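J.: Fold the stuff below for me.
(one chain, ligands or ions: 2)
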Amino acid sequence: MVVLGAGSWGTALAALSARNGVPTRLWGRDAAALAAIAQTHRNQRYLPDVELPPDLRCESDLATALRGADIVLIAVPSHAFASMLAELEPLLDADSAIAWATKGFEPGTGRFLHELVAEHLPGRATAVVTGPSFAREVAAGLPSAVTVHSEDEAFARQLAGLLHAPNLRAYSGSDVLGGELGGAMKNVLAVATGIADGMELGLNARAGLITRGMNEMLRLGMALGARPETLIGLSGLGDLVLTCTGDLSRNRRLGLALGRGVAIDEALRQIGQVVESVLTADEVNRLALKHGLDLPISAAVHAVLHGEVTPVDALRRLMAREQKAEYPPGLFRTN
Ligand SMILES: NC(=O)C1=CN([C@@H]2O[C@H](COP(=O)(O)OP(=O)(O)OC[C@H]3O[C@@H](n4cnc5c(N)ncnc54)[C@H](OP(=O)(O)O)[C@@H]3O)[C@@H](O)[C@H]2O)C=CC1
Ligand SMILES: O=C(CO)COP(=O)(O)O
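T.: Ligands and ions are numbered 1, 2, ... in the order given. Take a look at the predicted model:
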């Protein structure tokens, strides 16, 4: 297996796979950082507390990293996903399978990552790895559960089997779009609960936002063809709860800072790692518009992130919305 992207999640996944006895290479774009990881068995910038397995190979030359790879697992941020695929196109072995653990959409188009993979690297086995999994906890060997979705169910089971470990339950499924949607959208909703907690609005507000956020995920997911069981599974509800409540979440931390009155640029500078919601909020908004859906919490996060409203005004607007039924009729009807 080759893992592309030597940030928090790529490093944690590569360590997991190597500890499972799977021959694993980790590729990153920063040759000096890779050399330091190889020498010290630590990723000082992204996972400083974790000792990496000694047999994890680090490789900064992409062509060398990819040679002979049976599975290529991409863990770069969504803004780098398309360019990563373009780099892979001329280098990849004909029979290498492609998986990704990135959460987000193509910035500017709202296209799902599986659509980009199908365009750039058609005709291969593909899968998304997703679910509630803070890199720090997985890397530290704390109990976690993830899920692998692929149209090729045998490949989903194969990849889940490679990741499954004494303290990591890896499930499999076949709803790629549903798995991707939950993992992307929860980042936007985590900003909303972070803002509420940063403003010290209380635990009722947090639970209300998580649940109404879930409602938004269900409505967009059903409109796009996701399966409801995926959305209430690990990749949807599971990751939503984790990211909305766990302070390890960078998206939640962005919301906390905004709710406390910190400017967005300063908040992002302090976090110092990828915060996917900043781009994903635009794409959720785009998809909602395209499908004629009113997703008020996601829209409020979008407006706050663009500086169009203050967190206080966004809350006032949410609370002033018309009273209505909790669910639209026929939400779970798929035909
Ligand atoms: N961290 C987590 O707990 C989890 C993260 N994810 C998802 O995984 C993805 C990656 O996140 P994460 O690892 O946490 O992010 P980090 O901020 O920890 O690391 C980002 C990594 O991506 C690299 N990178 C950035 N741009 C490019 C590029 N153009 N080409 C190649 N590499 C690039 C960075 O390199 P450099 O250091 O040189 O800038 C860095 O190594 C995101 O979509 C995230 O949502 C999913 C589940 C859990
Ligand atoms: O996706 C994650 C956990 O499942 C990580 O969340 P953040 O990107 O908000 O840190």
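
J.: you'd agree residue 328 is up against residue 219?
T.: Yes. Taking contacts as Cβ atoms under 8 Å, residue 328 lies within contact range of residue 219: 6.9 Å. C-beta coordinates here come from the backbone N, C-alpha and C atoms, glycine included.

J.: Can you give me the pLDDT of the most centrally placed residue in the chain?
T.: With distances taken as Cα atoms, centre = their mean, the residue of the chain nearest its centroid is residue 103 (2.7 Å). Note on residue 103: pLDDT of 98.

J.: Of residue 328 and residue 219, which one has the most company?
T.: Set residue 328 next to residue 219 and count neighbours by other Cβ atoms under 10 Å: residue 219 wins out with 19 against 12.

J.: so what's that one closest to, chain neighbours aside?
T.: Spatial nearest neighbour of residue 219, chain neighbours left out: residue 293 (5.8 Å); criterion: Cβ to Cβ, 6 or more residues apart in numbering.

J.: who's in contact with the lowest-mean-pLDDT helix or strand in the chain?
T.: For the chain, counting by mean pLDDT, DSSP states H and E, helix 311-319 ranks last in confidence among helices and strands (a mean of 93). Here helix 311-319 makes contact (Cβ atoms under 8 Å, 6 or more residues apart in numbering) with 195-196, 198-199, 201, 258-259, 296-297, 300-301, 303-304, 309.

J.: And for stretch 114-130?
T.: 13, 73, 81-82, 85-86, 88-89, 92, 95-101, 103, 106, 113, 146-152, 155-156, 159, 163, 176-177, 179-180, 182-183, 234-235, 239.

J.: Contact residues of the stretch 151-300 of the chain facing ligand 1?
T.: Selection of the stretch 151-300 of the chain residues close to ligand 1 by Cβ under 6 Å from any ligand atom yields 273, 274, 276.

J.: between those residues, which is nearest ligand 2?
T.: Among those, residue 276 lies closest to ligand 2 (Cβ to the nearest ligand atom), at 5.8 Å.

J.: low-scoring stretches of the protein, by residue?
T.: Filtered on pLDDT under 70, the chain yields the residue ranges 334-335.

J.: Please repeat the previous calculation with a cut-off of 90.
T.: 327-335 (pLDDT under 90).

J.: pretty sure residue 58 is touching residue 30, no?
T.: No. Using Cβ under 8 Å as the test, residue 58 is too far from residue 30 to be in contact (10.7 Å).

J.: Just want to know which of those two has more residues nearby.
T.: The neighbour count for residue 58 versus residue 30, taken as other Cβ under 10 Å, is higher for residue 58 (23 against 12).

J.: Surely that one is within a helix?
T.: No. Under DSSP: H, G, I helix; E, B strand; the rest coil, residue 58 falls outside any helix and is assigned strand.

J.: check contacts around it.
T.: By Cβ under 8 Å, 6+ apart, residue 58 lies in contact with 6, 25, 26, 27, 28, 34, 35, 37, 38.

J.: Compare the residues you listed and tell me which is most surrounded.
T.: For those, neighbours were counted using other Cβ under 10 Å, and residue 26 has the most, 30 neighbours in all.

J.: Do you have the helices of the stretch 101-250 of the chain handy? List them.
T.: Remark: helices assigned in the stretch 101-250 of the chain by DSSP state H, counting those that start in this stretch are 113-120, 135-139, 153-163, 176-198, 203-224, 228-231, 239-245, 250-259.

J.: tell me the most buried of those?
T.: With neighbours defined by mean count of other Cβ atoms under 10 Å, none of the helices of the stretch 101-250 of the chain is more surrounded on average than helix 176-198, at a mean of 28.

J.: how big is the angle separating it from helix 203-224?
T.: 160 degrees (axes from the mean of the first three to the mean of the last three Cα atoms, to 10 degrees).

J.: So what's the residue count around the residue in the chain that ligand 1 sits nearest to?
T.: Distances between the chain and ligand 1 by Cβ to the nearest ligand atom are smallest at residue 7, namely 1.8 Å. Here the count is done by other Cβ under 10 Å, and residue 7 has 19 residues near it.

J.: Spatially nearest residue to it (excluding sequence neighbours)?
T.: Closest residue to residue 7 apart from its sequence neighbours, by Cβ to Cβ, 6+ apart: residue 46 at 5.1 Å.

J.: contacting residues for that neighbour?
T.: So residue 46 contacts 6, 7, 8, 11, 135, 273 (Cβ under 8 Å, 6+ apart).

J.: Might you enumerate the residues of this structure proximal to ligand 2?
T.: Counting by Cβ under 6 Å from any ligand atom, the residues of the chain lying close to ligand 2 are 103, 132-134, 187, 190, 239, 242-243, 249-251, 276.

J.: export the helices of the stretch 101-250 of the chain to a markdown table and tack on distance to residue 20?
T.: Shown next, in a markdown table, are the helices of the stretch 101-250 of the chain (distance: least, Cβ to Cβ, whole Å):
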| stretch | distance to residue 20 |
| --- | --- |
| helix 113-120 | 24 |
| helix 135-139 | 12 |
| helix 153-163 | 6 |
| helix 176-198 | 21 |
| helix 203-224 | 31 |
| helix 228-231 | 25 |
| helix 239-245 | 22 |
| helix 250-259 | 27 |
